[in-house]
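# Got a predicted structure plus its sequence, pasted below:
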Amino acid sequence: MKHLLKLLDLSSQEILNILNLGDQLKYELKHGIAHPRLAGKTLGMIFEKASTRTRVSFETGMYQLGGHALFLSSKESQIGRGEPVQDTARVLSRYLNGIMIRTFAQEEVEKLAANASIPIINGLTDFAHPCQVLADLMTVREHKGRLEGLKMCFIGDGNNMANSLIVGGLKVGMQVSVASPQGYEPDAEVLAFAEKHSGFALVHNPLEAAKDADVVITDVWASMGQEEEAAKRCKAFDGYQVNQELMAVAKPDAMVQHCLPAHRGEEITAEVFEAHADEIFEEAENRLHAQKAVMVLLMG
Ligand code: CP
Ligand code: NVA
């Protein structure tokens, strides 16, 4: 593994290696065992979109690993003034040991990786959110003791989260069912990958997707960059809410995951959210541990 651009690039074993190291680093942190595996190393963090979790977990994680992280807002760097990504990649490769980037087009991340001589980590694009899904898988495994054979369902927009959950879930042997409204299905490249797996189903009926699920996952209906479509999307996603009625068809001990931020009353009710808050905030915490594992494996 040279970069983490999207889960489609990783083997099942590479995903499991990240989860295993994530578990170990979490254990070490909780038991006060220092793990300065990236002492003296520096991570650049390029943000072209807002963030709470990604920024804080990467920055804190780098500190805990003995390294340093730099926040690079695109607006306050030459990136926002149009300096070609090929040049940014070659310059930053001479200062840093790794780059985390959050941006719009997946192509920008791929181009950065193609031109950099250091590892690139995708901290969210319109296409994928691999770091989040690694944390989700880590959380599910922690709660359920395994991943293989479990049924995960995703209810809502076929967005970056849906794309990464489908690929990540199928690669670790889960069954994955997705319910999205017509016109809001996951990416075609992801569906082409998924359709080779017998455990995959794409449906329009949320209750069908959630039936007997071990894990129920949702995400916002309007992602960053789609704010203007919010009203139109609210209408299109009517009926795609994770609520008690939907949870009633899932397994009685089903978990709920949400990458956050959540819009209570839209994609999830406050009732379901609060009933599963422990799992959801564990998921947020696991961003830290999973990403530290990614950085150690790529930059160590
Ligand atoms: N889930 C997630 O990526 O959160 P932030 O947008 O706060 O980084
Ligand atoms: N789908 C959401 C995820 C936020 C973490 C977005 O892209 O805005």
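Nice, I can see it. Ligands and ions are numbered 1, 2, ... in the order given.
# so who does the residue nearest the centre of the chain touch?
The centre of the chain sits closest to residue 132, judged by CA atoms, centre = their mean, with a distance of 2.3 Å. Going by CB atoms under 8 Å, 6 or more residues apart in numbering, residue 132 touches 124, 161, 164, 259, 287. Backbone N, C-alpha and C define where each C-beta goes, glycine included.
# 6 Å instead?
residue 259 (CB atoms under 6 Å, 6 or more residues apart in numbering).
# and if you look at residue 178?
Applying CB under 6 Å, 6+ apart to residue 178 gives the contacts 154, 202.
# so after the helix or strand hosting it, what's the next helix or strand?
Element membership of residue 178 [criterion: DSSP states H and E] is strand 175-179. Next in sequence after strand 175-179, counting helices and strands by DSSP H and E, comes helix 188-194.
# I'd like to know which elements that following helix is packed against.
For helix 188-194, the helices and strands in contact under the criterion 3 or more CB pairs under 6 Å, 6 or more residues apart in numbering; DSSP states H and E are helix 160-171.
# what about 10 Å?
Contact here means 3 or more CB pairs under 10 Å, 6 or more residues apart in numbering; DSSP states H and E; on that basis helix 188-194 packs against helix 160-171, strand 175-179, strand 200-203.
# What are the buried residues along the shortest one?
Neighbour-count burial for strand 200-203, with 16 or more other CB atoms under 10 Å as criterion, is recorded at 200-202.
# if you average pLDDT over that strand, what comes out?
In this model, strand 200-203 has an average pLDDT of 98.
# Quick one: residues in contact with that strand.
The contact list for strand 200-203 (CB atoms under 10 Å, 6 or more residues apart in numbering) reads 151, 153-154, 158, 162, 166, 169-170, 174-180, 185-186, 190-191, 193-195, 208-211.
# Go again with 6 Å.
176-179, 194, 209.
# So what are the sheet partners of it and their directions?
With DSSP bridges as the test, strand 200-203 is paired with strand 175-179 (parallel).
# The helix ranked longest in the chain close to ligand 2?
Longest helix in the chain by number of residues (criterion: DSSP state H): helix 277-299. No: judged by CB under 6 Å from any ligand atom, helix 277-299 stays clear of ligand 2, getting no closer than 10.1 Å.
# Can you verify my assumption that residue 117 contacts residue 93?
Yes: if you go by CB atoms under 6 Å, residue 117 and residue 93 touch, sitting 4.4 Å apart.
# out of the two, which sits in the busier spot?
Shown here are residue 117 and residue 93; by other CB atoms under 10 Å, residue 93 has more neighbours (18 against 9).
# Kindly provide the distance from that one to residue 120.
Distance of residue 93 to residue 120, computed by CB to CB, to the nearest Å: 10 Å.
# And residue 244, by the same measure?
42 Å.
# Which of the two has more residues huddled nearby?
Neighbour tally, residue 244 and residue 120, criterion other CB under 10 Å: the higher count belongs to residue 120, 27 against 10.
# Would you list the phi and psi of that one?
The phi and psi values for residue 120, taken as degrees, to the nearest 10, are phi -120, psi 130.
# Leaving out the residues flanking it, which one is nearest to whichever residue of the stretch 201-300 of the chain sits closest to ligand 1?
Proximity of the stretch 201-300 of the chain to ligand 1 (CB to the nearest ligand atom) peaks at residue 259, 4.0 Å away. Sequence neighbours aside, residue 132 is the residue nearest to residue 259 in space, at 4.8 Å (criterion: CB to CB, 6 or more residues apart in numbering).
# Repeat that for residue 35.
residue 28 (4.9 Å).
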